[in-house]
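> give me a 3D structure for the following:
(2 chains)
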Amino acid sequence: SQQGEEDPQALSIQEGENATMNCSYKTSINNLQWYRQNSGRGLVHLILIRSNEREKHSGRLRVTLDTSKKSSSLLITASRAADTASYFCATAWMDSSYKLIFGSGTRLLVRP
Amino acid sequence: DAGITQSPRHKVTETGTPVTLRCHQTENHRYMYWYRQDPGHGLRLIHYSYGVKDTDKGEVSDGYSVSRSKTEDFLLTLESATSSQTSVYFCAISESGRSTDTQYFGPGTRLTVL
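The predicted structure is shown next:
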């Protein structure tokens, strides 16, 4: 069974708006990572948040982690057409340090 | 992109034929992974390697085998391809296998089994 589940499955916004994607997971984690996948390409690492962190920023990205609710959110501010991609959360379990479990992803469309 | 190549990039084959996909890295990273990506399932780990000749199963390993005879190459073999193995296959690498490592992905191989 998958560890991470993203919500929504698809999101369409206007350029300049903010995009929020959520990820829920089931078991204790060491860290949670977000990846982006452009159409027809491999995944690219965006940001990692450790289990003892609550919020992290990287450029226009803001990630939050709530371990009590077993959930994370990725916020992309001031979106651009180039942000159009699929976004995946991946969890690193506490008892399996080298494996990442990926969710099914959120497809983001940013309309010009 | 990290120095990861996959070959072939596209392949169409028939049910029952053997298929081998190759992943090649130039980063000298210790860990290598094979994933498959299917609609609605995200990425699922097939097999991974933590060193030359050291491999282990992931969550969807049935019907697949792997080999790693050199640090830079990780092969995925479908001994007898089935239609359920039609998918996009991604290779990934990470430096040391720590949970905080970034995984770097190759461009993928689209496999169609008729």
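> per-residue confidence at residue 41?
In the absence of a named chain, this looks at chain A. pLDDT recorded at residue A:41 is 90.
> the intended chain is chain B.
What the model reports as pLDDT for residue B:41 is 78.
> distance check, it against residue B:35.
As judged by C-beta to C-beta, to the nearest Å, residue B:41 and residue B:35 stand 10 Å apart. C-betas here are computed from N, CA, C, even on glycine.
> looking at these two, which is more packed in?
The neighbour comparison of residue B:41 against residue B:35 (other C-beta atoms under 10 Å in any protein chain shown) goes to residue B:35, with 29 against 15.
> who's in contact with the more buried one?
Counting by C-beta atoms under 8 Å, 6 or more residues apart in numbering or on different chains, residue B:35 makes contact with A:102, B:43-46, B:58, B:89-92.
> which non-adjacent residue is nearest residue B:38?
Take residue B:38 and drop its neighbours on the chain: the residue closest to it by C-beta to C-beta, 6 or more residues apart in numbering or on different chains is residue B:87, 5.3 Å away.
> got a list of what that neighbour touches?
Applying C-beta under 8 Å, 6+ apart to residue B:87 gives the contacts B:36-38, B:111.
> may I ask which of the contacts of residue B:35 has the most neighbours?
Neighbour counts for these (other C-beta under 10 Å) peak at residue B:43, which has 28 neighbours.
> which intervals of chain B have sub-threshold pLDDT?
B:1-2 (pLDDT under 70).
> need the residues of chain A near chain B, please.
Contact residues, chain A versus chain B (C-beta under 8 Å from any C-beta of the partner chain): A:2, A:4, A:30-31, A:33, A:40-45, A:48, A:50, A:88, A:90, A:92-93, A:97-105.
> hmm, 6 Å instead?
Contact residues, chain A versus chain B (C-beta under 6 Å from any C-beta of the partner chain): A:30-31, A:42-43, A:45, A:92, A:97-98, A:102-105.
> need the residues you listed in a markdown table with distance to residue A:57, can you?
Formatted as a markdown table, the residues of chain A next to chain B follow (distance: C-beta to C-beta, whole Å):
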| residue | distance to residue A:57 |
| --- | --- |
| A:30 | 21 |
| A:31 | 16 |
| A:42 | 25 |
| A:43 | 21 |
| A:45 | 16 |
| A:92 | 20 |
| A:97 | 26 |
| A:98 | 27 |
| A:102 | 23 |
| A:103 | 22 |
| A:104 | 26 |
| A:105 | 22 |
